[in-house]
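Trainee: what follows is a protein structure lacking sequence information:
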């Protein structure tokens, strides 16, 4: 996907101040959007994979329709409650220990969910590049519409010498996007704390973003109808760290550095683990009424 946002993929989401490889400041994450021509297909596919993704909105007046871009923004991207194995491949040839380390952090979400990640030597569902482009991921089921020769996730410059804290902060955050989780700082409760004009000036200075990009990445709150889970949590792994200089109360939005309890709780509601059948129990299909 070409365009100015490709040059702005080093978004601010740093809970610990580490700079990404080759950058002059904190490196973070961008949710990648599909090309406009695929938005309607993406919404239809997400709804087919998981009917819960269908937008819950007041019916529109007769003869009106939702534009493809708007349709994408009101359609969730969750994979559905059934157990799911997502295959993973790498577009470069990183070492075996680095591949295993990254996949282990993708699988951190498996603590409370039915989703797991497995490496494949073919083009995976999740295709990771360690090349230029910053940190980003496509959202949930959207990865199925990305051509197989292109990455769905980017982890620029990751290597075995990076601190464990960065693997926890970045890889687990991007895995959350692959599961369909949006940015937590875009919850209404947190967006309402941001001073719009201060945000425009700050992100222009630090990221080179124009107002439209700031609106998309920071200032457009998620709709309550799309939220299934916990109250807004500024310590979520899916939340940017935002400085007090852009908030109306002068207090920073802290941002998360690892999957926390509320993250695991929310993920477990969206992707519940199958309940194990105890040895002394049996499935309903075996129920009988024995003759007396």
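Mentor: All right, it came through fine. As the structure is a computational prediction, the values presented were derived from the model and not from experiment.
Trainee: got a list of contacts for stretch 120-133?
Mentor: The contact list for stretch 120-133, computed with CB atoms under 8 Å, 6 or more residues apart in numbering, reads 6, 9, 22, 86-92, 94, 102, 106, 117, 143-144, 146, 148-159, 178. Quick note: C-beta positions are derived from backbone N, CA and C, even for glycine.
Trainee: separate out the buried members of those.
Mentor: Neighbour-count burial within the contacts of stretch 120-133 applies to 9, 86, 88-91, 94, 102, 106, 117, 143-144, 146, 151-158, 178; the criterion is 16 or more other CB atoms under 10 Å.
Trainee: what's the following helix or strand after the lowest-mean-pLDDT helix or strand in the chain?
Mentor: Taking mean pLDDT, DSSP states H and E as the measure, the helix or strand of the chain with the lowest value is helix 68-73, at a mean of 37. Following helix 68-73 in sequence order, the next helix or strand is strand 84-90 (DSSP states H and E).
Trainee: just the helices from the protein, written as ranges.
Mentor: Assigned by DSSP state H, the chain shows helices spanning 39-49, 68-73, 96-106, 164-166, 172-178, 188-191, 196-207, 211-214, 261-270.
Trainee: reformat those helices as TSV; add distance to residue 30.
Mentor: Shown next, in TSV, are these (distance: least, CB to CB, whole Å):
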stretch	distance to residue 30
helix 39-49	17
helix 68-73	15
helix 96-106	18
helix 164-166	17
helix 172-178	9
helix 188-191	17
helix 196-207	10
helix 211-214	9
helix 261-270	20
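Trainee: right, so the ones you listed: which one is the most enclosed?
Mentor: Greatest average neighbour count among the helices of the chain goes to helix 172-178 (a mean of 26), per mean count of other CB atoms under 10 Å.
Trainee: which elements pack onto it?
Mentor: The contact analysis (3 or more CB pairs under 8 Å, 6 or more residues apart in numbering; DSSP states H and E) places helix 172-178 against strand 29-32, helix 96-106, strand 135-138, strand 153-155.
Trainee: can you put those in CSV and add mean pLDDT?
Mentor: What follows is the helices and strands packed on helix 172-178, written out as CSV (pLDDT from 0 to 100):
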stretch, mean pLDDT
strand 29-32, 79
helix 96-106, 98
strand 135-138, 93
strand 153-155, 96
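Trainee: mind checking which of these is nearest residue 210?
Mentor: Closest to residue 210 of these, according to CB to CB: strand 29-32, at 14.3 Å.
Trainee: partner strands of the closest one and their direction?
Mentor: In the sheet, strand 29-32 lines up against strand 135-138 (parallel) (DSSP bridges).
Trainee: which parts of stretch 132-139 are buried?
Mentor: Using 16+ other CB under 10 Å as the test for burial, stretch 132-139 gives 133, 134, 135, 136, 137, 138, 139.
Trainee: which residue is the nearest non-sequential neighbour of residue 251?
Mentor: Ranked by CB to CB, 6 or more residues apart in numbering and with sequence neighbours excluded, the top spatial neighbour of residue 251 is residue 244, at 5.3 Å.
Trainee: so residue 101 versus residue 179, what's the distance?
Mentor: Per CB to CB, to the nearest Å, residue 101 is found 19 Å from residue 179.
Trainee: next: residue 106.
Mentor: Applying CB to CB, the value for residue 106 to residue 179 is 10 Å.
Trainee: check contacts around the nearest residue to residue 188 once chain neighbours are set aside.
Mentor: Spatially, and ignoring its direct neighbours in sequence, residue 188 is nearest to residue 221 (4.2 Å; CB to CB, 6+ apart). Applying CB under 8 Å, 6+ apart to residue 221 gives the contacts 186, 187, 188, 191, 192.
Trainee: pull the number of nearby residues for the second one.
Mentor: The number of residues packed around residue 187, counting by other CB atoms under 10 Å, is 21.
Trainee: any low-confidence regions in this structure?
Mentor: Low-confidence segments of the chain (pLDDT under 70): 1-28, 54-75, 223-230, 275-280, 292.
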